[in-house]
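Engineer: Structure for the following, please:
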Amino acid sequence: MQDISSMLHSEHSHQVLGSVIEAFTNLLSKCYSIRRSPPNREYPSIDQPGVPQGAILQLHSYILPKLRSHIVVLSHLTDPNDLMNNLGSQLDLISEVQSNLVIL
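Structural biologist: Sure, this is the predicted structure:
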């Protein structure tokens, strides 16, 4: 028979798992919606006047490296062996990384 602590931990893990899956599903939906945009859509060139160079610099020096870092961390955290051995703590860490992706 499970004690109260392990039951609460299991319930917490189940709730976090639901949140993690939902966050990955939302991210996947965003990726698919971008891919389904019309192919003839024109995107501004970074050399065009009016494209803020500060934004490009921030994208290059901060946002993309941070995104890469988060993807690497998520790749390690979702390793099936580690995930099954430390489900609760891994899910908490995955959830934390996902919340950081939202603010990028």
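Engineer: buried ones in the lowest-mean-pLDDT helix or strand in the chain?
Structural biologist: Every helix and strand of the chain was ranked by mean pLDDT, DSSP states H and E. The lowest is helix 4-35, at a mean of 81. For helix 4-35, the neighbour count (16 or more other C-beta atoms under 10 Å) marks 13, 16, 20, 23 as buried. Placement of C-beta: from N, CA and C, glycine included.
Engineer: Quick one: list the elements packing against that helix.
Structural biologist: helix 87-103 (3 or more C-beta pairs under 8 Å, 6 or more residues apart in numbering; DSSP states H and E).
Engineer: which outside residues touch the helix it packs on?
Structural biologist: Contacts to helix 87-103, defined as C-beta atoms under 8 Å, 6 or more residues apart in numbering, come from residues 9, 12-13, 16-17, 19-20, 23-24, 27, 67, 70, 73-74, 77-78, 82-83.
Engineer: Fine, thanks again, bye for now.
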